[in-house]
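Next come a sequence and a model predicted from it.
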Amino acid sequence: MDALISQLQRQFRDHTISLYQQGFLDDQFTELKKLQDDGSPDFVAEVLSLFFEDCVKLISNMARALDQTTGAVDFSTVGASVHQLKGSSSSVGAKRVKALCVSFKDFCEAQNFEGCVRCLQQVDIEYKTLKSKLQDLFNLEKQIIQAGGIVPQVDIN
Amino acid sequence: MSKVEKKMSKQTKPKETKKKLNVLIVDDDAINRKLHARIINQIGGVSQTAENGEEAVILHRDGNASFDLILMDKEMPKRDGASATKKLRAMKVTSMIIGVTTLADNEEERAAFMEAGLNHCLAKPLSKENLLPLINHLLDAYNG
């Protein structure tokens, strides 16, 4: 059992470090984790759940606003949604999503349709990738706890 | 009032008891409301939330609201942070109000927000590290 726990803890550490090193997460995610404790054990999962709900809603808004078949492209709605997504990605430490929103905002302001469509596709891929990788992380956490181990604190510096 | 009387009034004025900090979090973003509420909770305070400046004003309308601190987001629908702050000050609300801006806001925008009646401004995302020293500092000034 100890060997299993050690292996899981190692995987957890490696996965966490890779999320930061590959730029999926930044320091704000570390701050988020600090806000979780025994009094609020699901805090990070709850916040991330709100974030991913935001992603779905805002991406849908942007897709509708960029739909040329319904008339002229509504760049101001796209811009407003990008602004909101940039804010929420910043709040949870979703570094790649936030960086994409910066480029996306520039394309909106320039009313560059192709640029906006490309960014929308990338944002969609990026948030789904992050969601999947975080799910893997949470699964590892769960397995460690179920095996009777302690989830390690990972120093990413 | 003479110097002696002033000194006496200071000594006889009761010290503010250590009570839980009562905070109003005004932000249209659900994630920020949750984050900031958690920070306040970890600092040892209690919080209530409002989704925009108009809700914050309505909460104070009957004169019974009593918050030690208001965290006021800048950009919100219905009534933004500057407008809500001006209105609250006009209503004689004396709570500490900390404006919450973004890094994208420039100096002029921040200054204009401060002009509305803020005690201070912080850029989001907020953290315990940047909020707690400010709360302590402001509480010291508040208590004289």
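In hand now; what should we look at? Numbers count the residues shown, from 1 in each chain, chains lettered A, B, ... in the order given.

From here on, just use CA atoms for contacts and neighbour counts.
Will do.

ok, now which ones touch residue A:70?
With contacts defined as CA atoms under 8 Å, 6 or more residues apart in numbering or on different chains, residue A:70 has no neighbours.

Could I get the average pLDDT for stretch B:54-69?
Mean per-residue pLDDT for stretch B:54-69: 92.

buried sites along it?
For stretch B:54-69, a neighbour-count test (16 or more other CA atoms under 10 Å in any protein chain shown) marks B:54, B:55, B:56, B:57, B:60, B:67, B:68, B:69 as buried.

now those residues in a markdown table, with secondary structure?
As requested, those are exported to a markdown table (DSSP: H, G, I helix; E, B strand; the rest coil):
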| residue | secondary structure |
| --- | --- |
| B:54 | helix |
| B:55 | helix |
| B:56 | helix |
| B:57 | helix |
| B:60 | helix |
| B:67 | coil |
| B:68 | coil |
| B:69 | strand |
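
Tabulate those residues (a markdown table), appending distance to chain A.
Below are these laid out as a markdown table (distance: CA to the nearest CA, whole Å):
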| residue | distance to chain A |
| --- | --- |
| B:54 | 20 |
| B:55 | 20 |
| B:56 | 21 |
| B:57 | 24 |
| B:60 | 28 |
| B:67 | 23 |
| B:68 | 22 |
| B:69 | 20 |
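
And the closest residue to chain A within chain B, how far from residue B:87?
Going by CA to the nearest CA, chain A is nearest to residue B:125 of chain B, at 5.6 Å. Note on residue B:125: its distance to residue B:87, by CA to CA, to the nearest Å, is 25 Å.

more neighbours, these two?
Higher neighbour count among residue B:125 and residue B:87: residue B:125, with 21 against 18, using other CA atoms under 10 Å in any protein chain shown.

The buried residues of stretch B:54-69: which two are farthest apart?
Largest separation among the buried residues of stretch B:54-69 by CA to CA: B:54 and B:68, giving 18.9 Å.

which ones are touching the residue of chain B closest to chain A?
Contact partners of residue B:125, counting by CA under 8 Å, 6+ apart, are A:28, A:90, A:91, B:32, B:102.

Please tell me which one of the residues you listed counts the most neighbours.
Neighbour counts for these, by other CA under 10 Å, peak at residue A:91, which reaches 24 neighbours.

Assess the claim that it and residue B:33 are in contact.
No. Using CA atoms under 8 Å, residue A:91 makes no contact with residue B:33, being 10.7 Å away.

what pLDDT, on average, does the longest helix seen in chain A get?
Using DSSP state H, we find that the single longest helix of chain A is helix A:113-146. Averaged across helix A:113-146, pLDDT comes to 96.

low-scoring pLDDT stretches of chain A, where are they?
Counting by pLDDT under 70, chain A contains no low-confidence segment.
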